[in-house]
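>>> Using only what follows, build the 3D model:
(one chain, ligands or ions: 1)
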Amino acid sequence: MNPLRPAILAAAGSSRMKDAITKVPVTAAVVRRFVAGETRAELAPVARELLKSGRSVSVDFLGEYTTDRAQADAAVAEYLSLLDALAEADQEIPGVPSVVPRVEVSLKLSALGQSLGQDGPAIAAENLHKLCAKAVERHVWVTVDAEDHTTTADTLEAVAQARAEFPWLAVALQTYLRTAEDTVRDLATDGTRIRLCKGAYQEPATVAYQRRADVDASYLRCLAVLMSGGWYPMIASHDPAMIAAALTLATENNRVPGDYEFQMLYGIRDPEQRRLVDEGHALRVYIPYGTQWYGYLMRRLAERPANLGFFLRALSER
Ligand code: FDA
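This is a model prediction of the structure:
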């Protein structure tokens with residue numbers, strides 16, 4: 001693991017650091033690499049270009065750990081408008097007809113009210129239901145992001161409840177969690193659509209593997225379960241070793257492109273994204289937008305020391 005990762009992820013939760021970093025003008029240039037913009041209008045051309053290039057998209061309206069009911073309601077309202085905008089963008093751009101929607105939204109239950117005290121999980125679950133009902137109308141998919149481990153049980157519960165009505169609803173699973181393989185087995189049996197990722201939060205050793213090799217080994221075990229039996233696995237990784245393993249498992253399990261997909265983050269390994277699409281693979285790009293980009297940016301910096309170096313150089317040159 002990147003030795004600076006714990007410090008950077010600790011800063012992700014510090015409001016003093018947040019105030020300092022978000023006020024530095026040069027931050028904007030660094031943010032722009034990973035975030036499509038602050039508004040839906042800025043997001044639109046980015047999503048359109050990616051769709052035109054043959055990639056699918058999953059759009060995230062940034063926000064997390066909301067402790068204000070009005071802010072959670074505003075996030076729901078933004079997602080409702082976003083669902084309309086994405087459905088329209090999809091119709092405008094010709095693409096190969098597919099049963100799999102090319103447009104999706106990703107959401108964090110903590111942005112929809114999960115952190116609002118005792119009633120939080122119920123409020124978030126209700127909001128999730130509202131958004132799924134709208135998504136069905138607009139032929140847009142929804143995936144629920146995985147957040148820190150204290151939210152995992154509530155998130156899986158909300159997804160299970162909503163899937164009774166919306167069986168296509170997906171959830172992200174982090175393979176750094178020691179429970180990941182068991183969870184994948186349960187959910188795969190149940191036919192849940194799963195986005196498999198390594199995990200981006202700072203977690204204690206009691207709940208999460210700390211060594212990169214252990215996280216990778218867990219990813220490969222979970223991937224084998226999903227590719228052999230899961231419905232529409234989503235391989236969310238930029239790691240060449242995970243991508244190669246997925247391709248081998250796809251062949252071994254007689255899967256064809258279109259009954260699984262690769263996923264990568266906006267701004268990361270763009271040439272590799274294009275290469276996979278050119279070779280006929282399905283690839284979806286996770287695109288975040290909005291003003292609440294601080295936590296997201298810090299997680300991206302923590303993943304790669306080179307990103308932090310780039311950021312610090314930009315700061316020192318200003
Ligand atoms: P790894 O970190 O080993 O990176 C492999 C290679 O990818 C690196 O060598 C580098 O080339 C490139 N790379 C990776 N990260 C980079 C970065 N930030 N900047 C530049 N290059 C980078 N996590 C979570 O906890 N909950 C969630 O819901 C999600 N959702 C999600 C959706 C999608 C579509 C993706 C791709 C990822 C997530 N994640 C996530 C993040 C995920 O858990 C993980 O932190 C990152 O993807 C980095 O892990 P990799 O598997 O890419 O491998």
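>>> quick one: contacts for the residue lying closest to residue 176 once chain neighbours are set aside?
Distance criterion Cβ to Cβ, 6 or more residues apart in numbering; nearest residue to residue 176, sequence neighbours excluded, is residue 199 at 3.7 Å. C-beta here means a position set from N, CA and C on the backbone, and glycine is covered the same way. The contact partners of residue 199, by Cβ atoms under 8 Å, 6 or more residues apart in numbering, come to 146, 174, 175, 176, 177, 208, 215.
>>> Switch the residues you listed over to CSV; also include distance to residue 226 and secondary structure.
Formatted as CSV, the contacts of residue 199 follow (distance: Cβ to Cβ, whole Å; DSSP: H, G, I helix; E, B strand; the rest coil):
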residue, distance to residue 226, secondary structure
146, 15, coil
174, 14, strand
175, 11, coil
176, 16, coil
177, 15, strand
208, 20, strand
215, 16, helix
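>>> correct me, but residue 163 touches residue 169?
Yes: here residue 163 reaches residue 169: they are 5.2 Å apart, a contact under Cβ atoms under 8 Å.
>>> any residues in contact with both of the two?
Common neighbours of residue 163 and residue 169, using Cβ under 8 Å, 6+ apart, are residue 192.
>>> Can you show me the strands along this structure?
Applying DSSP state E to the chain gives strands spanning 56-61, 103-107, 141-144, 170-174, 193-197, 234-236, 261-265, 283-289.
>>> so what strands line up beside the first one?
Based on DSSP bridges, the pairing partners of strand 56-61 within the sheet are strand 103-107 (parallel), strand 283-289 (parallel).
>>> State the mean pLDDT of that strand.
Averaged across strand 56-61, the pLDDT comes to 98.
>>> where does residue 63 fall, phi/psi-wise?
The phi and psi torsions at residue 63 (degrees, to the nearest 10) take the values phi 160, psi 150.
>>> Check what pLDDT the nearest residue to it once chain neighbours are set aside gets.
The spatially closest residue to residue 63, leaving aside those adjacent along the chain, is residue 111, at 3.8 Å (Cβ to Cβ, 6+ apart). pLDDT, residue 111: 98.
>>> got the contact list for residue 111?
Contact analysis of residue 111 by Cβ under 8 Å, 6+ apart lists 61, 63, 64, 65, 66, 72, 75.
>>> in the lowest-mean-pLDDT helix or strand in the chain, what counts as buried?
Between all helices and strands in the chain, the lowest mean by mean pLDDT, DSSP states H and E belongs to helix 305-316, at a mean of 72. By 16 or more other Cβ atoms under 10 Å, the buried positions in helix 305-316 come out as 307, 308, 311.
>>> what do you get for stretch 11-31?
Within stretch 11-31, the residues scored as buried using 16+ other Cβ under 10 Å are 11, 12, 21, 27, 30, 31.
>>> any idea how far the second one lies from residue 174?
To residue 174, residue 12 is 16 Å away according to Cβ to Cβ, to the nearest Å.
>>> out of the contacts of residue 199, which touch the ligand?
When Cβ under 6 Å from any ligand atom is applied, the members of these adjacent to the ligand are 146, 174.
>>> Mind putting the contacts of residue 199 into TSV with pLDDT and neighbour count?
Shown next, in TSV, are the contacts of residue 199 (pLDDT from 0 to 100; neighbours: other Cβ atoms under 10 Å):
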residue	pLDDT	neighbour count
146	98	23
174	98	28
175	98	27
176	98	24
177	98	21
208	98	22
215	98	19
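>>> what's the closest of the contacts of residue 199 to the ligand?
residue 146 (3.9 Å; Cβ to the nearest ligand atom).
>>> For the closest one, give me phi and psi.
Backbone torsions for residue 146, taken as degrees, to the nearest 10, come to phi -100, psi 130.
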